[in-house]
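Q: build me a structure from this.
(2 chains)
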There are 2 protein chains.
Amino acid sequence: MQNFSLAPDGTEYILPNEEQSKIEREEILRITEEQKKLGRKIVTVQGLGFVGCVMAVVIADAVDENGEPIYYVHGHQRPSKRSFWKVPVINTGIPPVNSSDKEVPELFERCVNQKKNFRATWHDVAYEVADVVVVDIQLDATKPAFGEAEKGYCDITHFRDGMRTLGQHIKPDCLILVETTVPPGTCQKIVKPIIEEEFIKRGINIKKNPALVAHSYERVMPGAKYVSSIRDFWRVFSGVNEQSKTLAREFLSNVLNVENFPLTELDNTNASEMAKVMENSYRATNIALTLEWARFAEKVDVDIFKVRDAIRKRKGTHDNLLRPSLGVGGYCLTKDPVLANWSMKDVFEIDDTLSVAVNSVNINDTMPTHTVDLIKEEIPELRDVNITVLGVSYLEDVGDTRHSPSFTLVRLLRENWAEVICHDVYVEFWAELETEEVHNDLDTVLKGAEVVILAVGHSAYKDIEPADLVKKCGTKPLIIDCSNFLSDEKIKQYKNLGCKMKGVGKGHIENL
Amino acid sequence: MQNFSLAPDGTEYILPNEEQSKIEREEILRITEEQKKLGRKIVTVQGLGFVGCVMAVVIADAVDENGEPIYYVHGHQRPSKRSFWKVPVINTGIPPVNSSDKEVPELFERCVNQKKNFRATWHDVAYEVADVVVVDIQLDATKPAFGEAEKGYCDITHFRDGMRTLGQHIKPDCLILVETTVPPGTCQKIVKPIIEEEFIKRGINIKKNPALVAHSYERVMPGAKYVSSIRDFWRVFSGVNEQSKTLAREFLSNVLNVENFPLTELDNTNASEMAKVMENSYRATNIALTLEWARFAEKVDVDIFKVRDAIRKRKGTHDNLLRPSLGVGGYCLTKDPVLANWSMKDVFEIDDTLSVAVNSVNINDTMPTHTVDLIKEEIPELRDVNITVLGVSYLEDVGDTRHSPSFTLVRLLRENWAEVICHDVYVEFWAELETEEVHNDLDTVLKGAEVVILAVGHSAYKDIEPADLVKKCGTKPLIIDCSNFLSDEKIKQYKNLGCKMKGVGKGHIENL
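A: Coordinates of the predicted model:
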């Protein structure tokens, strides 16, 4: 049986054994003693995923008025085959995530190798020594059927296990700061009871030492401002009691740029948890709205993107209006309305639904079918048609493929027996579609293409000259624009080159 | 038979007869000659309603670089019993609308009595002399069933008649600028064909003189910035051909503050018409979304307004988030999605629906039922219960009652046999509910109230001190907060006074 964890660079890291576990335990206790003598508090970050690993270095990088680190940070990652490799990699000073933000590797190098106040571990003793545990465990929504988000639910088994581990290990006065996006009600109705259940088993008097649980959600954006989107941005928080609120306020004020982005304290954790899923539901709904107007625009000689620009001139009241596209991906907008709806029914047992929000997820999830429909308007039978998809990530100029709408697009095209080939500028391996080779060379993917789908608005694609694209194809491909690639000028150029075009919300192409 | 038009002040104005009509015709021709000699162009505004009458004075008030008026404006109002009174009233220099904006009476006085370049008339000869006709005819959507906006339609008979009148009278080179919010497609598929049909009847060669039709929608807001919201704000426009666009651009540039708010030109009138109804659909959808979150908040100890404030800190991406309330009223958000949906089906014959937008109208139209539900949670049987409704207009600090949600609220309460009494600060006569007396004295309406509904967020209501309200009631009324009246401080005060409270989205009241 495989007993190693495979890093993305191909290195195999043997999972730790009992002997190493003993040594690691001693090492953590030794470091903790040493760091406490320096007057530093101990923070353990639970889960070194997309948010946790960067949050950990942001905490480690926080300094007091003398420029001295305030915290020592243990980054905790369970020793699973999937993720254990992160521990040794981080401990060389290398981030476990790819990012276009230069601050990410800088922070890891500085905190691990220079300040030496951040270290990753797999050992649970890191929870025993912590003054603050920051929870960054992933929590997903499951949508059992395509386009039926109302049936979606949240499997919190893994999250509950994580909380139980904390309850078994933490000091009674340790603050648990949940940063994971959770269904509203989680801190009050799930985390607190589990922690206190374990406290009681440990003989801790929960009247005197109630669980200290707070919630504060991040608003991280992948891309060039990855670190800054965590540190230099508005934060909302609350706690399950006054002491949790006070501790959370103090901790966040030490770690984040609260001078420029003052904290927002809400009445209780229900409110803080709700704010996060509501703000993403707001965006999901705005995108869903745009699809029906895009379809309308396509039939009546209108470019919906110009209409959108006209509307968005009204700053403060209309400039949040989003745009139609291939579809909606990523980790937040696709699941947060589902978490909220599930919470309403299952956590709070309320007989109601968040129907606008959930319906929006359905519209957004199935949005790629509209792009397939556009192609079929020109080519009704897609069997054996050579289709090139440019872009498989879920966002422009980012290599993140989580819940990418290109995934749905490729699946739908293959269900129509099309010959699909994919390209991305930032993605080499499409983790979600494991068998899928993603090409990085335009010449290869375009040669012989009968349909070229401009799927994701990467700058590199926006820069492609029509003449160059057509030359690379060696055909007169049908151009499908999912993301407002085609300026009026480019539309004219493609027309002159003999290409037909269709675009999401680009109804003016034909008459231009 | 009554042959007069009754002004709001009670004055009766006899409708004009044939003799007066002849005199009026001569007068208009005489004025036109005189004004042309002064180098002024002639503009006729068709329809002196809420937008038309103010637009007319804004046009009249426009000056060239020498401070001289650019236009002479005829304001045209059909001599109907309902509206003829506006003509003589305007011609004394008094606006036919009430407004808290001081600029409104100033502009009427200045243009009618001082500059003398604005005059109202009922005579169609005003169209014959016009270089530009600005169309401000009202165009409504009809929703035949409560909460079923998908069945809504637009009766354009009256609007078509207005266009036919223009086609019969205007000079072939007159620009028709449609300012009315119309179903997308109206200028191209309704206005232009009617005008040209009439042109052909008049022997005009439409190859040489195609109808010159443009569209530019206003974004007027009732209230203290009434005039400014027309003149000093972003404008979108387009035309059915290049000449219409050019003439519209020139006209709007003369009349509006385009230096600070440059014009946005779109490809065609479909796009311009769509922009208006889409921007209002956007807002309608955002409000609909908030209701389900308000209901959620109410059950889980959350104040949705604090959550909203937390989300709106994200300027440019989240600050358009609207708020739940008693419901949605006014003239735009309640009908524009319906106009668009009807256009898609009936004007363009597209087999599709704007389901997100239309569903939002349904949610918003039925929103007052939620307030009734809140009351019933405390008082299940409303028969003979004394209920006072504070606010019947559709917007805070405005006296406009068009499509006010208070109308639905009062109807629903009476269906439950409650004893309802209404108050407003700005409304004396509730035109939509003709039998309804709206009181302006708080003492009268509060005395004996068992339920007080803070329905509309007028400042005067926000200022009411709990002790004062309870004293006026002489009871311990149930307070129903529809519009975030109750600060935490006031909630505590009402509690101390022995009052129960419920509020839309105010779930934290009980545990505060």
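Q: report the buried residues of the longest helix along chain A.
A: If you go by DSSP state H, chain A has its longest helix at helix A:269-299. For helix A:269-299, a neighbour-count test (16 or more other C-beta atoms under 10 Å in any protein chain shown) marks A:269-298 as buried. The way it works is simple: take the backbone N, C-alpha and C, and place the C-beta from them, glycine included.
Q: now do stretch A:438-447
A: A:438, A:439, A:442, A:445, A:446.
Q: want to try a markdown table for these, with secondary structure as columns?
A: Putting these into a markdown table (DSSP: H, G, I helix; E, B strand; the rest coil) gives the following:
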| residue | secondary structure |
| --- | --- |
| A:438 | strand |
| A:439 | strand |
| A:442 | helix |
| A:445 | helix |
| A:446 | helix |
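Q: a markdown table for those residues, including distance to chain B and pLDDT?
A: Listed next are these as a markdown table, based on distance: C-beta to the nearest C-beta, whole Å; pLDDT from 0 to 100:
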| residue | distance to chain B | pLDDT |
| --- | --- | --- |
| A:438 | 30 | 92 |
| A:439 | 33 | 94 |
| A:442 | 31 | 96 |
| A:445 | 33 | 97 |
| A:446 | 30 | 98 |
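Q: helix/strand/coil for the residue nearest the centre of chain A?
A: Nearest to the geometric centre of chain A sits residue A:331, at 4.0 Å (C-alpha atoms, centre = their mean). What three-state DSSP gives for residue A:331 is coil.
Q: get me the contact residues on the stretch 301-450 of chain A for chain B.
A: A:301-303, A:306-307, A:309-311, A:313-321, A:340, A:344, A:348, A:350, A:352-357, A:359-360, A:363 (C-beta under 8 Å from any C-beta of the partner chain).
Q: how about a cut-off of 7 Å?
A: Residues of the stretch 301-450 of chain A found near chain B (C-beta under 7 Å from any C-beta of the partner chain) are A:301-303, A:306-307, A:310-311, A:313-314, A:316-321, A:344, A:348, A:350, A:352, A:354-357.
Q: drop anything exposed from these.
A: Members of those classed as buried by 16+ other C-beta under 10 Å are A:301-303, A:306-307, A:310-311, A:313, A:317-318, A:320-321, A:344, A:348, A:354, A:356-357.
Q: so which of the residues you listed are in helices?
A: Using DSSP H, these in helices are A:306, A:307, A:310, A:311, A:356, A:357.
Q: ok and the residue in the stretch 1-150 of chain A nearest chain B?
A: For the stretch 1-150 of chain A and chain B, the shortest gap (C-beta to the nearest C-beta) falls at residue A:150, measuring 12.8 Å.
Q: which residues touch the closest residue to that residue other than its chain neighbours?
A: Excluding the flanking residues, the one nearest residue A:150 by C-beta to C-beta, 6 or more residues apart in numbering or on different chains is residue A:358, at 5.1 Å. Going by C-beta atoms under 7 Å, 6 or more residues apart in numbering or on different chains, residue A:358 touches A:149, A:150, A:337, A:338, A:341.
Q: any idea of the pLDDT on residue A:358?
A: We have a pLDDT of 97 for residue A:358.
Q: what does residue A:457 give?
A: 96.
Q: residues near residue A:114, how many?
A: By the measure other C-beta atoms under 10 Å in any protein chain shown, the count of residues near residue A:114 is 9.
Q: residue A:231 versus that one, what's the distance?
A: As judged by C-beta to C-beta, to the nearest Å, residue A:114 and residue A:231 stand 18 Å apart.
Q: same thing with residue A:86?
A: 21 Å.
Q: what of residue A:477?
A: 45 Å.
Q: before we move on, what about residue A:309?
A: Distance from residue A:309 to residue A:231, by C-beta to C-beta: 32 Å.
Q: who has more neighbours, those two?
A: residue A:231 (24 against 16).
Q: run a quick check on the more buried one versus residue A:59, I expect a contact.
A: No: at 9.6 Å, residue A:231 and residue A:59 do not qualify as touching, with contact defined as C-beta atoms under 7 Å.
Q: how many neighbours does residue A:3 have?
A: Residue A:3 - counted by other C-beta under 10 Å - has 10 other residues nearby.
Q: show me what contacts it?
A: Residue A:3 neighbours (C-beta under 7 Å, 6+ apart): A:14, A:15.
Q: wait, isn't the residue nearest to the centre of chain A in contact with residue A:400?
A: No: using C-beta under 7 Å as the test, residue A:331 is too far from residue A:400 to be in contact (8.2 Å).
Q: residue boundaries of the helices in the stretch 1-150 of chain A?
A: Here the stretch 1-150 of chain A has its helices, by DSSP state H, counting those that start in this stretch, at A:18-37, A:52-61, A:86-90, A:103-108, A:125-128.
Q: neighbour-wise, which one of the contacts of residue A:358 leads?
A: residue A:337 (31 neighbours).
Q: what's the pLDDT at the residue nearest to residue A:89 when sequence neighbours are not counted?
A: Leaving out its chain neighbours, the residue that sits closest to residue A:89 by C-beta to C-beta, 6+ apart is residue A:96, at 5.5 Å. The model reports residue A:96 with a pLDDT of 95.
Q: ditto for residue A:493
A: 98.
Q: Three-state assignment for it, please.
A: Classified using three-state DSSP, residue A:493 is helix.
Q: residues in contact with it?
A: A:466, A:467.
Q: distance check, residue A:153 against residue B:377.
A: 29 Å.
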